[in-house]
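Participant: no FASTA, just this:
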């Protein structure tokens, strides 16, 4: 019996959130006195998968079926379930991502497994009770949940676990076939319109985020956001009103109805801090708010605040970052 870790890949690379999940899974395996095996989904390379040994993974299963390059819920669910059954895995660990959220619920039904989402700490296995701590109410509270099923699925919140790096260790990569058929790809989208982001940091995987709101006064001023993001090595984001008026693309919209982020650093520029926006960013480890309105609600959630005009503050902040870097 091994702990099974679901590793998401894109463009041949293992996603940052999956490196965290691999580290988490290997620590769970140590807790249970077993090993951690990964199953890869998406487009991967054998060399990058082998490097998962640095996160404590001993073996990686990879199905080279070309249609698995893009996410298909039914096919991914069958693939992971087949890997869990082959490895007799009683604990399955995945990222609390869009893919993880979609697949986790299906796996729970297919394998008759208990499911905990938004997990933020390693489980406790005391007295036969398998207990995990998870975020609840949009991150406003934490709950201890006992998973009583024979199989357990843990969806780990991004940036809640630090990725391990044991240099020089490699995992064994094995070919694996889930015997997928055309029927397993029946729910694949008939048409996919791709808008590939180039030259920047992907928002869902970002360690640092610089975000702008209506206080930026127009798309022509977004270079101030981009300059600071470039200096920090950060992703750019925006509030919902900004994407609604097409100042920025919708894939940059952060909030309850957009992307939920959990970076180490979130800098909000000219954003008032509506509750819907806060719900998407309140898991950030450090929040910095820049706003000329001292009564802006966002200051109540901020770790650091600058009361000032973004057009004065951002160029000075960018210059200071460049001088330090």
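Facilitator: Good, I have the coordinates. No experiment lies behind these values; they were computed from the predicted model shown.
Participant: quick check, residue 205 in contact with residue 17.
Facilitator: Yes. With contact defined as CB atoms under 8 Å, residue 205 counts as touching residue 17 (6.1 Å). In this view, the C-beta of every residue, glycine as well, is placed from N, C-alpha and C.
Participant: of the two, who's got more company?
Facilitator: residue 17 (25 against 21; other CB atoms under 10 Å).
Participant: list the buried residues for whichever strand or helix holds the more buried one?
Facilitator: Secondary structure assignment for residue 17, by DSSP states H and E: helix 16-32. Buried positions in helix 16-32, judged by neighbour count with 16 or more other CB atoms under 10 Å: 16-29, 32.
Participant: beyond the lowest-mean-pLDDT helix or strand in the chain, next helix or strand please.
Facilitator: Lowest on mean pLDDT, DSSP states H and E among the helices and strands of the chain sits strand 124-126, with a mean of 88. Sequence-wise, the next helix or strand downstream of strand 124-126 (DSSP H and E) is strand 129-136.
Participant: list the buried residues in that following strand.
Facilitator: Within strand 129-136, the residues that count as buried by 16+ other CB under 10 Å are 130, 132-135.
Participant: now distance to residue 229 and pLDDT too, for those, in TSV please.
Facilitator: Below are the buried residues of strand 129-136 laid out as TSV (distance: CB to CB, whole Å; pLDDT from 0 to 100):
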residue	distance to residue 229	pLDDT
130	41	94
132	34	96
133	32	95
134	31	95
135	26	89
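Participant: distance to residue 305 added to these, as JSON lines?
Facilitator: Converted to JSON lines, these look like this (distance: CB to CB, whole Å):
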{"residue": "130", "distance to residue 305": "41"}
{"residue": "132", "distance to residue 305": "34"}
{"residue": "133", "distance to residue 305": "29"}
{"residue": "134", "distance to residue 305": "29"}
{"residue": "135", "distance to residue 305": "24"}
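Participant: between those residues, which sits nearest residue 73?
Facilitator: The nearest member of those to residue 73, counting by CB to CB, is residue 134 at 22.7 Å.
Participant: tell me who's in contact with that closest one.
Facilitator: Residue 134 is in contact with 116-120, 142-143, 145, 157, counting by CB atoms under 8 Å, 6 or more residues apart in numbering.
Participant: excluding its backbone neighbours, what's nearest it?
Facilitator: Spatially, and ignoring its direct neighbours in sequence, residue 134 is nearest to residue 118 (4.7 Å; CB to CB, 6 or more residues apart in numbering).
Participant: ok so, going back, looking at the buried residues of strand 129-136, spot the one nearest residue 11.
Facilitator: residue 135 (29.2 Å).
Participant: relative to the whole chain's centre, how far out is stretch 218-238?
Facilitator: Centre-to-centre, stretch 218-238 and its host chain are 21 Å apart (CA atoms, centre = their mean, to the nearest Å).
Participant: need the contact partners of that stretch.
Facilitator: 200-203, 206-213, 216, 246-248, 252-254, 259, 261, 263, 265, 267, 269, 310-311, 314-315, 317-318, 321-322, 325.
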